[in-house]
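Visitor: could you work out the structure for the sequence below:
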Amino acid sequence: MQEQRLTRRLTKYWELVRKQADFPENIKFNAAAIEDVWPYCFRVGVNNRGKKPVFQYEYMGEPIAEIYGKDLTGLVVDQSTKQFPGKVLHYKFSEIITGKKPLSDDGHFINDHGNLIKYRACILPLGTAEKGVTHIIVGLSCRKF
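Guide: Numbers count the residues shown, from 1 in each chain. Below is the predicted model of the structure:
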């Protein structure tokens, strides 16, 4: 799968679901509609009740779990969490929460097995006007070196 296709498909679907809203609601984002790219994604829930947001991994596709070195589903992290695979992507999450717009990112990180992972990502906000961003979907095209 080419990363441009993944990024384009996710963003196109996000645009379709959001209609005239700033961003789509999580309950309207149907993974079955993008089932060929969904395994290359992960979803985090956003808890904004404290001073800084806290993120909980709610879903991680199997190919992404393999690249990370483990499945992070259920893991709760915030900006003070010292080390976990893919932490570099979390620096974009505050930008998503305030900007409420899709972002693209590329870079690298070291997974739990010491492998260098180079990636391209599409980062998409989900939520409501009342609650703000409640979830973030990340689509990843990556390679292990």
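Visitor: which strands and helices sit next to whatever helix or strand Gly107 lives in?
Guide: Applying DSSP states H and E as the criterion places Gly107 in strand 103-110. Packing partners of strand 103-110 (3 or more C-beta pairs under 8 Å, 6 or more residues apart in numbering; DSSP states H and E): helix 87-90, strand 116-128. (Each C-beta comes from the backbone N, C-alpha and C, glycine too.)
Visitor: could I get these as a markdown table with mean neighbour count, distance to Cys41 and mean pLDDT?
Guide: As requested, the helices and strands packed on strand 103-110 are arranged in a markdown table below (neighbours: other C-beta atoms under 10 Å; distance: least, C-beta to C-beta, whole Å; pLDDT from 0 to 100):
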| stretch | mean neighbour count | distance to Cys41 | mean pLDDT |
| --- | --- | --- | --- |
| helix 87-90 | 17 | 12 | 81 |
| strand 116-128 | 20 | 9 | 93 |
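Visitor: as TSV, those with distance to Val44 would be great.
Guide: Output for the helices and strands packed on strand 103-110, formatted as TSV (distance: least, C-beta to C-beta, whole Å):
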stretch	distance to Val44
helix 87-90	9
strand 116-128	10
